[in-house]
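Enquirer: the following comprises the amino acid sequence and a computationally predicted model.
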Amino acid sequence: MIKAGVIGALGKMGKEIVKAILNDEKTTLVMAVDIKGGGIDIGLAANGKECGVYVETDIEKAIKDKHPDVVIDFTQPAGIYEHVLTYINNNVKSVIGTTGLNDEQIKILKEKAEKNNTACLIAPNFSTGAVLLMMFAKQAAKYFNNAEIIELHHNQKKDAPSGTAIKTAQLMSEENSNFTLGNCAETELIKGARGAEANANIHIHSVRMPGYIASEEVIFGSSGQILKLAHHTMERSCYMAGILLAVKYVYDNNSFIYGLDNIM
């Protein structure tokens, strides 16, 4: 059995992950950490049934006391870099779903993980459907010279653009270096009207609105045709298959991985 720990266990994603681990035949929950709610049985908080694992507030102390094989972290962008350093320094394998890490931070974490021979998988999205969208977008990028991305999330998401949109643009740029071919010279009458400019001149537009969980649309255009790829998250449960896949992968491997697409 894989001994798993959940960081941010009392959050919306954290509770879903706790339920997924408790219901999975190959994983067992040994640790739950959250900045609030210390002492609460996480089973009661997640699904109304006691599981004997109580929420702690100190990550490093919890790791040293409970000895998890893998920790799963879906917390806040502001603290995620230090969290991952803690996991690597304590030789604990990790699955990271929090976005907000920049390229330099990812590079440093990769170097440290490889030096410590400690697995770490970071992914901007754990929905298998969203990952397939990114893979299809990369394939379509070979055949179109114009494309833009629209990502839509709930209004409590702090970072923009989403990690999924950034990753999508990166994958598309591997197949084409310019997605604004033939565009006229533009003037923004209101700053930001054309969105953020990512890899290969791909414009990303971020929407934050109550009612959404997470959605992404990639729009490709050429003379006489439009191709639109879209993925919509209806419930957070859609991420669980990808998270459990990642947990089992890092348990069996010691590599640093960025993107769920690399193990699908």
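Expert: Now that the structure is in, tell me what you want to look at.

Enquirer: pull the number of nearby residues for residue 86.
Expert: 18 (other CB atoms under 10 Å). For glycine as for every other residue, the C-beta is placed from the backbone atoms N, C-alpha and C.

Enquirer: need the contact partners of the helix or strand hosting it.
Expert: Per DSSP states H and E, residue 86 falls inside helix 77-89. Helix 77-89 has contacts (CB atoms under 8 Å, 6 or more residues apart in numbering) with 7, 59-60, 63, 71, 73, 75, 93-94, 96, 98-101, 105, 109, 112-113, 116, 118, 120, 122, 158-159.

Enquirer: how far away is residue 20 from residue 130?
Expert: Note on residue 20: its distance to residue 130, by CB to CB, to the nearest Å, is 17 Å.

Enquirer: out of those two, which sits in the more crowded spot?
Expert: Applying other CB under 10 Å to residue 20 and residue 130 shows that residue 130 carries more neighbours, namely 27 against 22.

Enquirer: grab the nearest non-local neighbour of that one.
Expert: Nearest-residue entry for residue 130: residue 231, 4.8 Å, with adjacent residues in sequence omitted and distances by CB to CB, 6 or more residues apart in numbering.

Enquirer: in the sheet, who's paired with the one you found?
Expert: residue 216 (DSSP bridges).

Enquirer: I'd say it and residue 136 touch.
Expert: No: using CB atoms under 8 Å as the test, residue 231 is too far from residue 136 to be in contact (9.6 Å).

Enquirer: for the two, indicate the residue with more neighbours.
Expert: residue 231 (21 against 16).

Enquirer: the helix or strand just after the helix holding residue 86 pairs with which strands, parallel or anti?
Expert: Downstream of helix 77-89, the first helix or strand assigned by DSSP H and E is strand 93-96. With DSSP bridges as the test, strand 93-96 is paired with strand 70-73 (parallel), strand 120-122 (parallel).

Enquirer: export the ones you listed to TSV and tack on distance to residue 144, mean neighbour count and mean pLDDT?
Expert: Converted to TSV, those look like this (distance: least, CB to CB, whole Å; neighbours: other CB atoms under 10 Å; pLDDT from 0 to 100):
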stretch	distance to residue 144	mean neighbour count	mean pLDDT
strand 70-73	36	26	98
strand 120-122	28	26	97
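
Enquirer: which residues sit against stretch 154-164?
Expert: So stretch 154-164 is contacted by 76-77, 99-100, 124-125, 130, 134, 149, 151, 153, 196, 198, 204, 206, 208-214, 216 (CB under 8 Å, 6+ apart).

Enquirer: buried subset of the residues you listed, written for ChimeraX?
Expert: The buried residues among these can be selected in ChimeraX (16 or more other CB atoms under 10 Å) with this line:
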select :99,124,125,130,134,149,151,153,196,198,204,206,212,213,214,216
